[in-house]
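Novice: Fold the following.
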Amino acid sequence: DGWADLTDYVESSAYWGDDWSDILVGYRNLISQFRDRILMFPLDGDVLSIFYREDVLEEFGLEVPRTWDEYNAVASATHGKKFKNKTLTGSCVGRMKGCA
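Specialist: Model (predicted):
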């Protein structure tokens, strides 16, 4: 059929562990596979999203960030600050332990 079946290679390699599961499910299951065979190997499969709390931004007089520089500025401005008896983490990557 013209496609190399990469299933055995991917499943037997180091990629099958954390690296393969780190690829967005849509890329892994819908784009890379056909009829339960892995036919493509994505090298990256992240989707960037931002979640923010309006009440936190309002409390510190900050706007919703629209660029990476603005994002970093908001993260710096809120990191370590107290809000409703909790210490804030300015930026959180969901894959880090203790950061959800």
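
Novice: What residues sit buried inside the helix or strand of the chain with the lowest mean pLDDT?
Specialist: When each helix and strand of the chain is scored by mean pLDDT, DSSP states H and E, helix 18-21 comes last, with a mean of 71. By 16 or more other C-beta atoms under 10 Å, the buried positions in helix 18-21 come out as W20. Placement of C-beta: from N, CA and C, glycine included.

Novice: could you point out which element follows that helix?
Specialist: Proceeding N to C from helix 18-21, the next assigned helix or strand is helix 25, under DSSP states H and E.

Novice: by contact count, what packs against that next one?
Specialist: The helices and strands touching helix 25, judged by 3 or more C-beta pairs under 8 Å, 6 or more residues apart in numbering; DSSP states H and E, number zero.

Novice: Other residues contacting it?
Specialist: Residues from elsewhere that reach helix 25 (C-beta atoms under 8 Å, 6 or more residues apart in numbering): none.

Novice: Same question for stretch 78-86.
Specialist: V56, E59, F60, L62, T87, L88, T89, G90, S91.

Novice: can you give me the helices for this structure?
Specialist: Ranges of helices in the chain, per DSSP state H, are 7-12, 18-21, 25, 54-59, 68-78.

Novice: Quickly name whichever of the contacts of stretch 78-86 is closest to Q33.
Specialist: Q33 lies nearest to S91 out of the contacts of stretch 78-86, by C-beta to C-beta, at 33.2 Å.

Novice: which sections of the chain are below the confidence cut-off?
Specialist: The model of the chain has pLDDT under 70 over residues 1, 14-18, 44-47, 93-100.
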